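Engineer: Quick one: sequence and predicted model below, then my questions.
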Amino acid sequence: MQITKTTLAAALLPLALLGGCTSTVTASQSAPASAQAASSSAAAGADTEVLAQSAQAVAAAKTYVTEMTTQLAGQTYKSTMYTDATDPAKRKMRLVTGAGGQQLEVVTIGADTYMKMGAGDTWLKASAAQSEQAGAVDPGALLAQSRQYVKNFTLAGDETVDGVATKHYTMVLDGAAMSKLGGGKSAVGDIPYEIWLDDQLRPRQFVLKYSSSAGDISTKGTMSKYGEPVDIQAPDPSKVKSMG
């Protein structure tokens, strides 16, 4: 199984768009009370304002869980990502992803990234350069500029997702420009993207499908458990080796 930075970037796109990782959004900003203002903004074409408000809501929650299913090159990747941004200076993330019976686990705590393949108990600690190459970096750091590539932002209507009332938005992302953010060489055209926001503007569901020279990619996922405790710990030092 090959899990690359491009694969993870595609799968984790909503965290880059709405994860509160940009300089214009801080966790100290309060989350919006309702989506009414966002609906008006969308009607006026102020798509970046809607996304900025959503990012504020996610940042205010501090913790959340993202679950995704990604289809790529004939493989089905199942991914779960736990995020704890309680301390912005030492952001914690734990990603478990896999395909074809193989699994990759990545733990990031501040500037330190650890990776483990399969069922073994040996972890590899990556340098900053190795972390970026392997995709074990904060997706917000990789795609922090992605919001500027949003176009055709539209409010599609009201829908219920897992029992939660949401507003369904559709948009198109400039995939060719975004692929350059991760140093990707695959040819990517426009990316249709859908997202469902609850009454606090927090993402509840997202869907994207597109084609590139690497193959067709589709991702469907959910974000939930906002503000609930998550347990993300660095591995036992005795089981950690440096990547060669």
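Structural biologist: Here it is on my side, so go on. As the structure is a prediction and not an experimental result, all values here were calculated from the model.

Engineer: Just checking, which helix or strand of the chain averages the lowest pLDDT?
Structural biologist: helix 139-142 (a mean of 40; mean pLDDT, DSSP states H and E).

Engineer: Skip ahead from that one and say which helix or strand is next.
Structural biologist: Per DSSP states H and E, the first helix or strand lying C-terminal to helix 139-142 is strand 150-161.

Engineer: and that next one, which strands flank it?
Structural biologist: If you go by DSSP bridges, strand 150-161 pairs up with strand 164-174 (antiparallel).

Engineer: So which bits of the partner strand are buried?
Structural biologist: Using 16 or more other CB atoms under 10 Å as the burial criterion, the residues of strand 164-174 that qualify are 166-169, 171-174. C-beta: built from backbone N, CA, C; applies to glycine.

Engineer: cool, stretch 225-240 as well?
Structural biologist: Under 16+ other CB under 10 Å, the buried positions of stretch 225-240 are 225-226, 230, 235.

Engineer: Then stretch 96-116?
Structural biologist: Of the residues in stretch 96-116, those buried (16+ other CB under 10 Å) are 97-99, 103-109, 113-116.

Engineer: JSON lines for the buried residues of strand 164-174, including distance to residue 217?
Structural biologist: As requested, the buried residues of strand 164-174 are exported to JSON lines (distance: CB to CB, whole Å):
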{"residue": "166", "distance to residue 217": "24"}
{"residue": "167", "distance to residue 217": "25"}
{"residue": "168", "distance to residue 217": "21"}
{"residue": "169", "distance to residue 217": "20"}
{"residue": "171", "distance to residue 217": "17"}
{"residue": "172", "distance to residue 217": "15"}
{"residue": "173", "distance to residue 217": "12"}
{"residue": "174", "distance to residue 217": "16"}
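
Engineer: Filter the buried residues of stretch 96-116 down to the ones in strands?
Structural biologist: 97-99, 103-109, 113-116 (DSSP state E).

Engineer: Which residues does stretch 61-68 contact?
Structural biologist: 11-12, 14-15, 27, 31, 58, 77-86, 202, 219-230 (CB atoms under 8 Å, 6 or more residues apart in numbering).

Engineer: Now, those residues that are in strands?
Structural biologist: 77-84, 219-224.

Engineer: Grab the longest helix from the chain for me.
Structural biologist: helix 47-61 (DSSP state H).

Engineer: So what's the model's average confidence on that one?
Structural biologist: Averaging pLDDT along helix 47-61 yields 81.

Engineer: export that helix as CSV, just CAs?
Structural biologist: Listed in CSV are the C-alpha atoms of helix 47-61, where the atom choice follows Å, rounded to 0.1, in the frame of the first residue of the first chain:
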residue,chain,number,x,y,z
ASP,A,47,-18.0,32.4,0.3
THR,A,48,-14.8,33.1,2.1
GLU,A,49,-16.7,34.7,4.9
VAL,A,50,-18.8,31.5,5.4
LEU,A,51,-15.7,29.3,5.4
ALA,A,52,-13.9,31.7,7.8
GLN,A,53,-16.9,31.6,10.2
SER,A,54,-16.9,27.8,9.9
ALA,A,55,-13.2,27.7,10.7
GLN,A,56,-13.9,29.8,13.8
ALA,A,57,-16.5,27.3,14.9
VAL,A,58,-14.1,24.3,14.5
ALA,A,59,-11.3,26.2,16.2
ALA,A,60,-13.6,27.1,19.1
ALA,A,61,-14.5,23.4,19.6
